[in-house]
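Asks: Structure, please.
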Amino acid sequence: MPGELDFGPFLLLGEEARARLRAASTPIRFAAGDEVVREGAPADAAYALTSGRVRVLAGPDLHTLATLTAPVLVGELAALSGEPRNATVIATTACAGIRVPPGALRAAVAEDPAFAVELEDFARLRVGMNFLRVASPFADLPSRAIDELAARLVPVHFAPGEVLIHHGERGDDAYLVRVGFVEVLRGEGATDDVLTTLGPGAFVGEISTLTGAPRSATVRAKTAVEAFRLLGEDVRPVVQKHRLLVERLEASMQARHAPRRVGAATVSVAPDEPDAVILRDGPSGTYLRLTREARAIYDDLDGERTLRDLALLHFSRTGALDPQAVFTTVATLQSAGMVSAPRIASDERDGLLLRAANLLLGPRAELRDADRLAARLYRLVGFCFSRIGAAVAVLLGIAGLLALASVFRQASPADFGLGGVVVAFFGLFLAGIGHETAHALATKAEGRRVGRAGIGLLWFTPVIYVDTSDAWLIDRRRRAVVNAAGPLFNFALAGILGLDAAVTTERVQDLAIWLAATNLLSVVFNLSPLLEFDGYYVLEDLTNVNGLRRKSLRFVFRDLIAQPRRPQGRLETGFLAYSGAALVYVVAVAALALTGVPRFVSGILEGRVDEPVRSLVGLAAALALTALTIGPFIGEVLAARTEKAAG
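Replies: Numbers count the residues shown, from 1 in each chain. Have a look, this model is predicted:
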């Protein structure tokens, strides 16, 4: 029958040594709820429990570290070190075992080196797990992840004045401070420029370890320091599995990061607002519009100032204590790739998996610089991009629309069938290419550059895109023409197809009707200022209000609801009108989907499937379209209601 010490590290002891230790110990029992050891109390013994279950707690709020089931050894850390207890252990069921005196346990350790090493490793692992669960950034990780990290912790000690990490070096290790205090210094060997002092629970060196960037500061022991060392190759795989931890660590690193400008962005004065500028990053083709104050913040980003420093500098320059404006500007620049940001690096395997997933779900063929091709096309058909060309396109669209109306009444969804749906799909794809080409050529007509262009799939849906961001450097009325060029192309194409449908018959006519209808549908959606497509950006340019939809919804669904009042001035009246029109539009489209889509689907499937199936498919399609219409609008309203006033 196994004895009280026949488990764990005690198995390394010989029979005689175990017998001596058992003889020096006394039997003990605990009822459920009894306190086995108390945090902070002197160490009077260790306890080898052979039955029952206990809970280990620590801290003023008695945070649960672990639940242990016998056989288990508790209280041995303090018994060996002579230090006060670092945790409380409470019996959750009736427990039995033996009480091991500290002297007897130390004698067994001194007698058997292998037992000493095993007990030391056991104690180190226990200390590491307890520390990670209570006083570290990893406290919210699942138990398995905590155990995985604890097994990789290496205890280290630093004397006062000793440097843990050096500014500018590339290190792949970080430190969790367990005991003592460290100073964070600006630069190498600095003695009078202490940025902050950190104590137990601090995680230092993680920016370099997790991101691969050089050390951003020097960290020096202010007192004697006991810490755990973590290698990057050990901590990164654990961190990357837990998105919330990644976000928390990146937020923590952001607070201490000194952002700096990256790349060589060119700065141009915004054509419609002399106090604003437009940044353009050549390699990525990214454009960003900044106010005068945001431009000053951008100029401050020299890699030497933290966010706190930047907020204080902004205050000294403007007299406005508005750190949120500084943080928001920096975050916007970081998301645009124009400013450095602390991001946890992915390993090579993760990168390969992401690239494979992107290739599967979002394959694309891209021309990184489409300007040459656009210039050649413009030399061929540039004459169309004039007032006369626009007038001809409008007349073609109107004439074709009238012709289409005369034949569309003769057609029904059953005439087109599933084949017509497939043809319409590919017809829309080709029309999309023409739509984006029109935007590109209109940009060339204004003397601006065209960026990248491509064709691809996004979640198995065709996507065509052309980067015409350089049009931001022309005035807003000319920019509105660039945004309107795509829908105007579709309107003219629908007119040509409508005229074709009026003079053809049978399948050719069906095909022309389908393609004309799908192009007209594209025009309706793209020109609607209530959706964030071309028409919306035309309206933004004509009204000279950036972020029109967000500002309108915020004004109506946050400001007016919080403090009801009459709109003041044309701008607020416009916000109210836009929000009301957007709401009416969403309700109207939802009603149209619920009433029209079932009939449309039933007509397409007539003669191919039974009526119950047709009705079910039609209802499912109607509900899906309704959800896609209402859901995003509700999301925008909720976002507007929760947006901070500074936004």
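
Asks: ok now do Ala96, which residues does it touch?
Replies: When contacts are counted by Cβ atoms under 8 Å, 6 or more residues apart in numbering, Ala96 touches Pro27, Ile28, Arg29, Phe30, Leu49, Thr50, Ser51, Gly52. For glycine as for every other residue, the C-beta is placed from the backbone atoms N, C-alpha and C.

Asks: Just the buried subset of those, please.
Replies: Buried subset of the contacts of Ala96 (neighbour count, 16 or more other Cβ atoms under 10 Å): Ile28, Phe30, Leu49, Thr50, Gly52.

Asks: In helices only, show me those residues.
Replies: Assigned to helices by DSSP state H, none of the buried ones among the contacts of Ala96 qualify.

Asks: I'd like the distance between Thr468 and Gly397.
Replies: Taking Cβ to Cβ, to the nearest Å as the measure, Thr468 falls 22 Å from Gly397.

Asks: Tell me which of these two has more neighbours.
Replies: Regarding Thr468 and Gly397, a neighbour count based on other Cβ atoms under 10 Å identifies Thr468 as having more, with 27 against 24.

Asks: Show me which residues of stretch 584-602 are buried.
Replies: Using 16+ other Cβ under 10 Å as the test for burial, stretch 584-602 gives Tyr585, Val586, Val589, Ala590, Ala593, Val597, Pro598, Val601, Ser602.

Asks: next one: stretch 476-483
Replies: Residues of stretch 476-483 classed as buried by neighbour count (16+ other Cβ under 10 Å): Arg476, Arg478, Arg479, Ala480, Val481, Val482, Asn483.

Asks: from the residues you listed, which is closest to Thr629?
Replies: Asn483 (22.9 Å; Cβ to Cβ).

Asks: so Asn86, which of the three states?
Replies: coil (DSSP: H, G, I helix; E, B strand; the rest coil).

Asks: list the contacts for it?
Replies: Asn86 sits next to Glu39, Ala58, Leu77, Ala78, Val127, Asn130 when contact means Cβ under 8 Å, 6+ apart.

Asks: which residues in the stretch 201-350 of the chain form strands?
Replies: All strands of the stretch 201-350 of the chain, identified by DSSP state E, counting those that start in this stretch, fall at 203-204, 218-221, 225-231, 266-269, 277-281, 286-290.

Asks: mind putting these in a markdown table, distance to Ala431 and mean pLDDT included?
Replies: Supplementary listing: those in a markdown table, determined by distance: least, Cβ to Cβ, whole Å; pLDDT from 0 to 100:
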| stretch | distance to Ala431 | mean pLDDT |
| --- | --- | --- |
| strand 203-204 | 54 | 82 |
| strand 218-221 | 60 | 90 |
| strand 225-231 | 55 | 86 |
| strand 266-269 | 34 | 83 |
| strand 277-281 | 30 | 83 |
| strand 286-290 | 27 | 81 |
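
Asks: Could you dump those strands into CSV with distance to Gly303 added?
Replies: Putting the strands of the stretch 201-350 of the chain into CSV (distance: least, Cβ to Cβ, whole Å) gives the following:
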stretch, distance to Gly303
strand 203-204, 19
strand 218-221, 16
strand 225-231, 26
strand 266-269, 19
strand 277-281, 17
strand 286-290, 19
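
Asks: Which of the contacts of Ala96 fall in strands?
Replies: Those of these mapping onto strands are Pro27, Ile28, Arg29, Phe30, Leu49, Thr50, Ser51, per DSSP state E.

Asks: beta partners of the fourth one?
Replies: Looking back up the chat, that one is Phe30. Assessed by DSSP bridges, Phe30 has beta-bridge partners Cys95.

Asks: Mind pulling up the pLDDT for it?
Replies: pLDDT for Phe30: 94.

Asks: Can you verify my assumption that it contacts Thr92?
Replies: No: judged on Cβ atoms under 8 Å, Phe30 makes no contact with Thr92 at a distance of 9.9 Å.

Asks: ok, which pair from the contacts of Asn86 is furthest apart?
Replies: Spatially, the most separated pair among these is Glu39 and Val127, at 13.7 Å (Cβ to Cβ).

Asks: For stretch 331-347, give me every contacting residue.
Replies: Contact partners of stretch 331-347, identified using Cβ under 8 Å, 6+ apart, comprise 207, 210-213, 236-237, 239-240, 246, 249-250, 253-254, 257, 259-263, 265, 279, 281, 284, 286, 288, 298, 301, 303, 330, 354.

Asks: Make sure Leu68 is indeed in a strand.
Replies: Yes: applying three-state DSSP, one finds Leu68 inside a strand.

Asks: gap between it and Gly52?
Replies: Between Leu68 and Gly52 the distance is 10 Å, computed by Cβ to Cβ.

Asks: Repeat that for Thr626.
Replies: Going from Thr626 to Gly52 by Cβ to Cβ gives 58 Å.

Asks: same thing with Leu404?
Replies: Counting by Cβ to Cβ, the gap from Leu404 to Gly52 is 83 Å.

Asks: which one of the buried residues of stretch 584-602 is nearest Leu153?
Replies: Within the buried residues of stretch 584-602, the smallest distance to Leu153 is 54.4 Å, found for Val586 (Cβ to Cβ).

Asks: which SSE is the closest one in?
Replies: Using DSSP states H and E, Val586 sits within helix 569-605.

Asks: now that helix, how far from the centre of its chain.
Replies: Relative to its chain's centre, helix 569-605 lies at 31 Å (Cα atoms, centre = their mean, to the nearest Å).

Asks: Repeat that for stretch 22-37.
Replies: Here stretch 22-37 is found 51 Å from its chain centre; the criterion is Cα atoms, centre = their mean.

Asks: Quick one: end-to-end distance for it.
Replies: Stretch 22-37 has an end-to-end distance of 20 Å (criterion: Cα to Cα, to the nearest Å).

Asks: Buried residues of it, list them for me.
Replies: Buried residues in stretch 22-37, counted by 16+ other Cβ under 10 Å: Arg22, Ala24, Ser25, Ile28, Phe30, Val36, Val37.

Asks: need those in JSON lines with distance to Leu230 and secondary structure, can you?
Replies: Compiled in JSON lines, those are given as follows (distance: Cβ to Cβ, whole Å; DSSP: H, G, I helix; E, B strand; the rest coil):
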{"residue": "Arg22", "distance to Leu230": "39", "secondary structure": "helix"}
{"residue": "Ala24", "distance to Leu230": "39", "secondary structure": "helix"}
{"residue": "Ser25", "distance to Leu230": "37", "secondary structure": "coil"}
{"residue": "Ile28", "distance to Leu230": "38", "secondary structure": "strand"}
{"residue": "Phe30", "distance to Leu230": "36", "secondary structure": "strand"}
{"residue": "Val36", "distance to Leu230": "31", "secondary structure": "strand"}
{"residue": "Val37", "distance to Leu230": "29", "secondary structure": "strand"}
